[in-house]
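Novice: sequence plus the predicted model coming up.
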Amino acid sequence: MIKDIYSDPELYDSAHWWKTNDIDFITNSANKFGGLILELGAGTGRLALPILEMGHTYTGIESSSVFVDCTKNKVQKFGDKATILKGDMRSFELDQKFQFIFIGFNSIFHLLTNEDVKSCFKCIHKHLTEEGTFLIDTFIPDPLFLYRDKQKYYVMEFDTSDGVHCIVSETNEYDNETQINHIQWYFNYEGKADPEIFKFDMHMIYPDTMDRLLSDAGLVIREKYDDYEKTPLGPESQLQIYECKK
């Protein structure tokens, strides 16, 4: 049975224990831009928690119901400072504007068409204050990854919450016409013969397309970075990090 990777928040958190290198960058951005903060694709609250711990007022929108419930449990101690909503980043309507809106850790790639991305950017434009900042953090698609041989590749390993070691491998199939990468992860648990299989799709957006979609939505690119140290984006960059204004 193939499962949705976003159906099990506890497993998702266990598998992504290693993703911490963006926390200082995001929290520093929250401190710099201040005001009300909105995260789209809020996941299980990985970035919500450090932002709230710094005293900011945070709203997160997430499409997975189980992820929303998980995050609400994590942030309930922050009271009115934290708002977690189930919603669609392509078409949300809130009764306030935000000084800082961001999409972290590749979440923009879950919008599977350019029209979906443009709809999201237009919603962001509508909800951004006149002096507000919109930030995207995602990777630059690598053709060597997209067009690799059809076999399983090692991804990572971790221990589950009950101490079982798991090695994750993956296969992918890239559709050049739709620019969607179809990915399957195989969770190989110690002591189990058959892996647990999860699938997810990602829309590969290159910097030139990102530039155009942002511009079409009325957003102005102020900075483009290669990494969390704010190295300028260049031909060898692996990340594309954007700071935008209206």
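Specialist: Received the coordinates, thanks.

Novice: with the flanking residues excluded, which residue is spatially nearest to the residue most central in space within the chain?
Specialist: Among the residues of the chain, the one closest to the centroid is Ser107, at 2.6 Å (CA atoms, centre = their mean). Leaving aside its chain neighbours, Ser107 sits nearest to Gly41 (3.0 Å; criterion: CB to CB, 6 or more residues apart in numbering). (Glycine included, C-beta is placed from N, CA and C.)

Novice: that neighbour and Phe102 touch, don't they?
Specialist: No: between Gly41 and Phe102 there is no contact under CB atoms under 8 Å: 9.4 Å.

Novice: for the residue nearest to the centre of the chain, give me its contacts.
Specialist: Residues near Ser107 by CB atoms under 8 Å, 6 or more residues apart in numbering: Leu40, Gly41, Gly43, Met89, Thr138.

Novice: what about the helix or strand hosting Phe158, distance to the chain center?
Specialist: Using DSSP states H and E, the element containing Phe158 is strand 153-159. Mean-position distance between strand 153-159 and its chain equals 20 Å (CA atoms, centre = their mean, to the nearest Å).

Novice: pull out the buried positions in that strand.
Specialist: Buried positions in strand 153-159, judged by neighbour count with 16 or more other CB atoms under 10 Å: Phe158.

Novice: same thing with stretch 101-115?
Specialist: Within stretch 101-115, the residues scored as buried using 16+ other CB under 10 Å are Ile101, Phe102, Ile103, Gly104, Phe105, Ser107, Ile108, Phe109, His110, Leu111.

Novice: and those, which is closest to Tyr174?
Specialist: Phe109 (12.6 Å; CB to CB).

Novice: which secondary structure state does the closest one sit in?
Specialist: Following DSSP: H, G, I helix; E, B strand; the rest coil, Phe109 is assigned to helix.

Novice: number of residues surrounding Ile61?
Specialist: 20 (other CB atoms under 10 Å).

Novice: can you tell me the element the closest residue in space to Arg148 that isn't next to it in sequence falls in?
Specialist: Leaving aside its chain neighbours, Arg148 sits nearest to Asn172 (7.5 Å; criterion: CB to CB, 6+ apart). Assigned by DSSP H and E, Asn172 belongs to strand 165-175.

Novice: chain center to whichever strand or helix holds Glu39: distance?
Specialist: Using DSSP H and E, the element containing Glu39 is strand 37-40. Centroid separation for strand 37-40 versus its chain: 11 Å, with CA atoms, centre = their mean.

Novice: and the contacts of it?
Specialist: With CB under 8 Å, 6+ apart as the criterion, strand 37-40 contacts 30, 47-48, 51, 56-61, 89, 92, 94, 98-104, 107, 120, 124, 127.

Novice: repeat that with 7 Å
Specialist: Contact partners of strand 37-40, identified using CB atoms under 7 Å, 6 or more residues apart in numbering, comprise 30, 47-48, 51, 56-61, 89, 98, 100-104, 107, 127.
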